[in-house]
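[1] One predicted model, sequence on top.
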Amino acid sequence: MNRIGFKGSTAAVLSRRLVAQDLAWAGVILLLAAVLGIWQQWQLVRLSWTGALPAHLEQQREQRRKVEFQGVKTLNLPQTYEIFQGGQALFVDTRDADEYAELHITGAVNLPSDLLERQGNRVLEGIARGRRIVVYCGLANCNKGLMVAEKLQSLKFTNVSAFMDGFRAWDQAGYPAETNK
Amino acid sequence: MRPEFQIILRRLLEIILGVLFGYAGYLKLFHADEFAEAVLAYQLLPPGLVGLVSAVLPGLELAAGFFLALGLKRRSCLMLLGFLSGIFLLAMLITLARGLKIDCGCGLFFSRQVGLGPILEDGLLVFWAAGLYYWELMVAATEPPLVAAARPDF
């Protein structure tokens, strides 16, 4: 018994010493990683420190979107409202079903991007390929609207646009919205 | 379980974990703007620190994952990766509780929203890293000194 107890306490002391060593080496690796990261991303660190990071990120996002979704026509808030007033366009809400149910652009249908991926053409039956379609998501920085618009174009819908400002901007402008709840 | 098999299993689990984190860190480091957007969206840090955190975290994932996969300072790497995963898990839980619908910034191959799936995955990573750390520590603390001295550890 004594021998086992002795062994146990030795192991506990050794464990504590090992944990201390591990912490010290973890500090060294952290320092190394910090130097590597800051050296690689100095511009990001500087922009953040000077408060210019959000504007920089928005600019970069726009550039990425232009390249990634270059074939998709985009609309801003006034253009979208004008189309809405025309009454001919089909509005497609790409947010999740619960967000859509809470509030959406009046007359919009819900088509989350994962549903379109899973069911493809089946969810679009009965919609004329030439009909004007405006796709949107929640915020100006979300890409779901653009992704769905691109997917619809690949399914031969010829008059698809993405409303870039998102539903929050629409709602904040006080434009017509309805709820399913 | 035979000791040789235990050693192989442990190293295999460490290599997989190291490669996962190393690759995730590499992706974030070279898509830094997108990662900074994800960090900013969590709204948990003062804006002045977002850039620093966005620069250091991927470097940390890359370095710890790389060293772990190579077998260098394994316990320290496991400690760091477990800690990182734990912090991230906490951030996601806070975000979920606040009802924010944001990209988790955790997808290796595609973007995903903060939710139950990413939280469970991250919980698994915490458990994986902590379990391996405990296993390594117990082996190191209980093996005879001569064996420890002869073991090709760095």
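    Received the coordinates, thanks. Residues are numbered from 1 along each chain as shown, chains lettered A, B, ... in the order given.

[2] Up against chain A, what does chain B have?
    By C-beta under 8 Å from any C-beta of the partner chain, the residues of chain B that approach chain A are B:29, B:32-34, B:36-37, B:40, B:47-52, B:54-60, B:62-64, B:67, B:73, B:75-77, B:79-80, B:101, B:111, B:137-138, B:140-142. (Glycine included, C-beta is placed from N, CA and C.)

[3] Just the buried subset of those residues, please.
    When those are checked for burial by 16 or more other C-beta atoms under 10 Å in any protein chain shown, the buried set is B:29, B:32-34, B:36-37, B:40, B:50-52, B:54-60, B:62-64, B:67, B:73, B:75-77, B:79-80, B:101, B:137, B:140-141.

[4] then stretch A:50-69 to PDB, C-alphas only?
    The C-alpha trace of stretch A:50-69 is given here as PDB (Å, rounded to 0.1, in the frame of the first residue of the first chain):
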ATOM      1  CA  THR A  50      -6.800  53.100 -36.400                       C
ATOM      2  CA  GLY A  51     -10.500  52.200 -36.700                       C
ATOM      3  CA  ALA A  52     -10.400  51.800 -40.500                       C
ATOM      4  CA  LEU A  53     -11.000  48.100 -40.500                       C
ATOM      5  CA  PRO A  54     -14.800  47.900 -41.100                       C
ATOM      6  CA  ALA A  55     -14.500  50.200 -44.200                       C
ATOM      7  CA  HIS A  56     -11.500  48.200 -45.500                       C
ATOM      8  CA  LEU A  57     -13.400  44.900 -45.000                       C
ATOM      9  CA  GLU A  58     -16.400  46.200 -46.800                       C
ATOM     10  CA  GLN A  59     -14.300  47.300 -49.800                       C
ATOM     11  CA  GLN A  60     -12.600  44.000 -49.900                       C
ATOM     12  CA  ARG A  61     -15.900  42.100 -49.700                       C
ATOM     13  CA  GLU A  62     -17.300  44.100 -52.600                       C
ATOM     14  CA  GLN A  63     -14.200  43.300 -54.700                       C
ATOM     15  CA  ARG A  64     -14.500  39.600 -53.900                       C
ATOM     16  CA  ARG A  65     -18.200  39.600 -54.800                       C
ATOM     17  CA  LYS A  66     -17.500  41.300 -58.100                       C
ATOM     18  CA  VAL A  67     -15.100  38.600 -59.000                       C
ATOM     19  CA  GLU A  68     -17.100  35.600 -57.500                       C
ATOM     20  CA  PHE A  69     -20.500  36.600 -58.700                       C
END
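
[5] Do that stretch and chain B come into contact?
    Yes - contact of stretch A:50-69 with chain B (C-beta under 8 Å from any C-beta) involves A:Gly51, A:Leu53, A:Pro54, A:His56, A:Leu57, A:Gln60, A:Arg61, A:Arg64.

[6] In which helix or strand does the third one reside?
    Assessed by DSSP states H and E, A:Pro54 sits inside helix A:53-68.

[7] And that helix, what does it pack against?
    Packing partners of helix A:53-68 (3 or more C-beta pairs under 8 Å, 6 or more residues apart in numbering or on different chains; DSSP states H and E): helix A:42-50, helix B:32-41, helix B:47-70.

[8] buried ones in the helix or strand just after the last one?
    Tracing the chain past helix B:47-70, the next element assigned as helix or strand by DSSP H and E is helix B:74-98. Of the residues in helix B:74-98, those with enough neighbours to count as buried (16+ other C-beta under 10 Å) are B:74-86, B:88-89, B:91-92, B:95.

[9] All set, thanks.
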